[in-house]
Structures are given as C-alpha cells and as structure tokens.
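# Provide a 3D model corresponding to the input given below.
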Amino acid sequence: MERTLKVLLSLFVGILIASPAIAYPDVDSTHWAAKQIEELTEKGVIVGYPDGTFKPDDNVSRAEFASMAIKALGQEHTNVAQPVTFTDIEPSFWAYDAIQKALYFDLISCPPTGQPFRPDDTVTRAESISVAVNALTTEQISALKAKEVLSKKFADVNEVPEWFLVPAGKAEILNMLVTIPSANKAKIEADRPATRAEVTAILFDMMEQAKLNPNAKLAEAMRKKTGEGYVIDNAFVQGSVGTIPAGSIVPIKLTKYVSSQTSQPGEMYVASAPQNYVTKDKYILVYAGSNLKGQLLDVRSGKWFVRNGVLVLDNSLLTTNNDQTVSFNGVTEITKHRNWFMKIVRATLKGEKLNVSPDEVIYMKLLKPIKVDLTNGWIVE
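Got it, this is the predicted structure:
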C-alpha cells in the first residue's frame with residue numbers, strides 16, 4: 001500500500017511539473033497573446049499586479065515600455081557613459097537608466113536637449129511598434145512602398161501618421177505589426193494606446209527578430225566577449241550563456257596571508273580571480289579581478305608527532321566586474337607538493353605547516369554550477 005501511494009504521488013508530481021502553469025487568472029489558454037504573456041513572464045520581462053492578475057487590456061506608460069524593451073533585449077546591465085538630459089526626468093527616477101539605454105541602442109530617437117520624455121504618458125501602438133523595428137537591422141523601403149504593403153491588409157492606412165509609415169511597413173514585412181484578432185478588416189490604429197497584451201506580443205516578436213538581425217549597437221552588445229585566460233576545459237556554451245559546471249577547478253589569489261599556524265577557523269578572507277576564466281573557445285566566463293569572499297572552514301596547526309597542518313577555505317560569494325554579487329560556492333584544501341622523501345617524513349613524523357601568501361595562486365573546486373551571460377558577464381543562475 002505504501003509503495004502504491006509513493007508511485008501515485010510521483011506520478012502526480014510529474015504531471016504538475018510537465019503541465020504548463022497558467023500564470024494569471026485573467027489570461028487563459030485561449031487568449032490571443034497567451035503564449036507571449038507566458039514566455040515573457042517566465043523571462044522576467046513583464047510582471048503581473050500584486051493581486052496576481054495581468055490585466056491584458058490595461059495600458060502601459062512610456063517609461064514602463066522602455067524598461068520592458070531593455071529587459072526583453074537583455075541589456076538591463078549595459079552602462080551608458082553619456083546620458084541625455086530631459087526636463088521631466090531626474091536620475092533618481094525609477095526608469096531613468098532604462099530610458100537612457102533605450103536612447104543609446106537607438107530604440108527611440110534622441111530629442112533636442114531640454115525636451116521632456118513624458119514618462120507617464122501611455123505608449124501608443126505606433127511608438128511601441130517603432131521601438132521594436134528600431135531594434136533591428138532592416139531593409140530600407142520608401143513611404144510609397146510601405147503604403148502599398150500596408151494597403152493589402154489594413155483598412156486605415158490613410159490615417160497612419162507620416163512618420164510611422166515606414167516603420168509600420170517594415171513591421172508588416174517582418175510579420176511584426178501586431179493587431180488584436182478581429183472578424184473585421186484589420187486596423188493599424190497607430191495613435192491608440194497599446195494594451196499590455198499588445199505590448200507583450202510586440203516585445204516577443206522583437207526578441208525573436210533581434211536574435212537574427214539586431215541593429216548595429218545591439219549586435220555589438222550581444223556579441224559574446226572573448227579573451228585570454230585560464231581555460232576551464234569542461235565549461236560549455238549554449239547560445240549566449242556559458243556554464244561552469246560543479247567540480248570545475250579555478251585559480252584564486254588571496255589578498256592576505258593565511259596559515260595553519262596563526263589563522264583561526266571562521267576567519268573571513270577576500271580573494272580575486274588572477275586572470276579571466278575562459279572556455280576552450282576563449283569566451284570569457286569570469287573577468288580577471290572579480291572578487292571572491294569566504295571563510296576559513298578548517299584550520300589546525302601542524303605539530304610534530306601529532307598531525308600535519310590543515311587549512312581549508314570555503315568560498316561563498318563572487319562580485320563580478322558588473323558589481324553583481326552572487327553565490328559562488330567552492331572549497332580549497334591547501335596541500336604541499338612532496339617528493340618521496342618528504343612523504344615518508346610527513347607520514348611518520350608529521351608536523352607539516354601550511355601557509356598561503358598574497359602573491360600565491362591556489363586552486364578552488366566549484367561546488368555548484370554557475371551560468372554566465374557571455375555578452376556582458378552577468379551571472380544568470
């Protein structure tokens with residue numbers, strides 16, 4: 001009976017894992033943007049409301065959309081050296097960085113100095129679709145060609161603002177001109193505020209197209225960075241993500257002297273990566289100079305006829321060149337290389353002393369895998 005219950009429980013858990021969860025009670029599987037909403041929620045690009053709903057028919061502010069677009073493109077950790085000044089946005093504004101990044105990556109046009117951004121205005125369909133198109137390298141078309149393409153499908157082409165004709169035509173050619181399904185002839189409705197569902201579908205299409213044809217600035221930012229360094233042979237790459245598996249051995253360099261004779265268990269230490277950690281193809285996983293922190297896990301002094309010294313370091317944190325601090329679990333047991341004679345001496349007389357100086361490189365075994373975005377060095381898991 002007990003065995004039967006365990007089998008049933010295992011099957012039940014398996015069904016739960018295999019079955020896709022409905023993220024929001026107000027977005028069921030029949031909703032026209034259900035797939036896009038689910039995927040972008042999983043990626044953290046969009047979020048629901050505190051009550052657990054998504055509110056697919058609500059609108060989105062211009063600031064919210066800028067933030068979503070930058071997250072969708074994976075560029076939230078990019079640094080912008082020369083920010084643009086707006087009259088209605090201070091650096092303390094919650095979406096200031098995202099707006100600056102949207103300008104840097106040419107997703108939105110840079111206005112004359114001293115102009116407002118209007119962060120709280122609702123983003124229109126024309127604005128949101130233009131951002132998606134601006135993220136891409138596209139074939140140039142004329143306004144006349146755009147009008148010809150759009151007229152085949154949409155009933156309100158003559159109402160499209162002149163500035164939006166070419167972006168709309170490009171979006172239609174790329175099958176990115178998102179419209180809510182309707183029994184009537186589709187309409188572009190360029191000036192209508194975009195709904196949360198529409199914005200999600202637009203961002204989804206932008207993400208997919210940007211993987212293939214990003215604009216010049218995005219292409220550079222999305223390029224996997226390479227360099228020389230310490231090769232981790234068993235590290236592997238999937239897309240733009242590199243993984244350092246558990247069990248990998250990496251070099252570290254302490255910033256202070258530690259010894260089995262003078263250091264104490266629990267004492268904290270700081271170390272650094274003495275060189276880049278790289279894959280066999282020279283993709284950079286961890287940059288040289290990244291900081292590591294941990295504590296001395298086991299310290300026992302070496303005593304003649306009693307024991308050889310013991311010195312074990314337990315690493316817990318890594319601070320990357322992006323100032324991101326993450327869990328980085330590893331262990332280092334300090335040992336000395338012995339020739340055959342010293343092996344006999346230490347086995348019989350014991351008393352070995354262990355110490356590590358600040359200029360000495362030691363090696364740590366990683367206890368848990370680490371996943372890294374190879375385009376920007378950000379630890380993703």
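# in stretch 57-72, what counts as buried?
For stretch 57-72, a neighbour-count test (16 or more other Cβ atoms under 10 Å) marks 59-72 as buried. For the C-beta atoms, the positions are set from N, CA and C on the backbone; glycine is no exception.
# go on, stretch 138-150?
By 16+ other Cβ under 10 Å, the buried positions in stretch 138-150 come out as 138, 141, 146, 147, 149, 150.
# in TSV, list the residues you listed along with distance to residue 270, secondary structure and pLDDT.
Formatted as TSV, the buried residues of stretch 138-150 follow (distance: Cβ to Cβ, whole Å; DSSP: H, G, I helix; E, B strand; the rest coil; pLDDT from 0 to 100):
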residue	distance to residue 270	secondary structure	pLDDT
138	49	coil	96
141	57	coil	96
146	58	helix	97
147	63	helix	96
149	60	helix	96
150	60	helix	96
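# kindly indicate which of these lies nearest residue 160.
residue 150 (7.1 Å; Cβ to Cβ).
# circling back to that earlier point, pull the most distant pair out of the buried residues of stretch 138-150.
For the buried residues of stretch 138-150, the farthest-apart pair by Cβ to Cβ is 138 and 147; their separation is 16.7 Å.
# next structured bit after the helix or strand of the chain with the lowest mean pLDDT?
Least confident helix or strand, the chain: helix 2-18 with a mean of 42, by mean pLDDT, DSSP states H and E. Next helix or strand after helix 2-18 toward the C-terminus (DSSP states H and E): helix 34-42.
# got a list of contacts for that following helix?
With contact meaning Cβ atoms under 8 Å, 6 or more residues apart in numbering, helix 34-42 is reached by 20, 23-24, 27-28, 31, 46-48, 54, 56, 72, 197, 200-201, 203-204.
# buried ones from those, can you make that a ChimeraX selection?
Buried subset of these, written as a ChimeraX selection, criterion 16+ other Cβ under 10 Å:
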select :23,24,27,31,46,48,54,56,72,197,200,201,203,204
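# contacts for stretch 271-289?
With Cβ under 8 Å, 6+ apart as the test, stretch 271-289 has contacts from 224-233, 235-237, 242, 244, 250-255, 290-294, 315, 318, 320-321, 361, 370, 372, 374, 377.
# what's the ChimeraX syntax to select whichever of those are buried?
In ChimeraX, a selection of the buried entries from those looks like this (16+ other Cβ under 10 Å):
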select :224,225,229,230,232,235,237,242,244,250,251,252,253,254,290,291,292,294,315,318,320,321,370,372,374,377
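# next step: the contacts of stretch 271-289 restricted to strands.
230-231, 236-237, 242, 244, 250-254, 291-294, 315, 318, 361, 370, 372 (DSSP state E).
# can you give me the strands for the stretch 251-381 of the chain?
With DSSP state E, counting those that start in this stretch as the criterion, the stretch 251-381 of the chain has strands at 258-259, 268-272, 277-278, 284-286, 291-300, 310-319, 325-333, 355-356, 361-366, 370-373, 378-379.
# the fourth one pairs with which strands, and in what direction?
Based on DSSP bridges, the strands next to strand 284-286 in the sheet, each with its direction, are strand 277-278 (antiparallel).
# and residue 298, what is it in contact with?
So residue 298 contacts 265, 310, 311, 312 (Cβ under 8 Å, 6+ apart).
# ok, the last one - contacts?
Applying Cβ under 8 Å, 6+ apart, one finds that residue 312 lies in contact with 296, 297, 298, 299, 331, 332, 333, 334.
# spatially nearest residue to it, not counting backbone neighbours?
Leaving out its chain neighbours, the residue that sits closest to residue 312 by Cβ to Cβ, 6 or more residues apart in numbering is residue 298, at 4.0 Å.
# pLDDT wise, what is the one you found at?
Here the pLDDT value assigned to residue 298 is 96.
# show me the contacts for residue 138.
170, 174, 213.
# and residue 173, how far is that from residue 166?
11 Å (Cβ to Cβ, to the nearest Å).
# got the domain boundaries for this structure?
Split into domains by automatic domain parsing, the chain comes to 22-221, 230-379.
# point out where the stretch 101-250 of the chain drops to low pLDDT.
Along the stretch 101-250 of the chain, segments meeting pLDDT under 70 span 111-114, 183.
# go with 90
109-116, 181-185, 211, 221-222, 239-240 (pLDDT under 90).
# quick one, helices of the stretch 51-200 of the chain?
62-72, 96-104, 125-134, 143-151, 165-173, 196-210 (DSSP state H, counting those that start in this stretch).
# which one of the ones you listed lies closest to residue 189?
Comparing the helices of the stretch 51-200 of the chain by Cβ to Cβ, helix 125-134 comes nearest, at 5.8 Å.
# skipping its backbone neighbours, what lies nearest residue 308 in space?
In space, residue 308 is closest to residue 352, 3.9 Å off (Cβ to Cβ, 6+ apart).
# mind listing what that neighbour touches?
Contact partners of residue 352, counting by Cβ under 8 Å, 6+ apart, are 302, 308, 309, 336, 346.
# check what pLDDT it gets.
So residue 352 comes in at 93 (pLDDT).
# hang on, the earlier thing: kindly reformat the buried residues of stretch 138-150 as a markdown table containing distance to residue 40.
Formatted as a markdown table, those follow (distance: Cβ to Cβ, whole Å):
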| residue | distance to residue 40 |
| --- | --- |
| 138 | 22 |
| 141 | 28 |
| 146 | 28 |
| 147 | 31 |
| 149 | 27 |
| 150 | 27 |
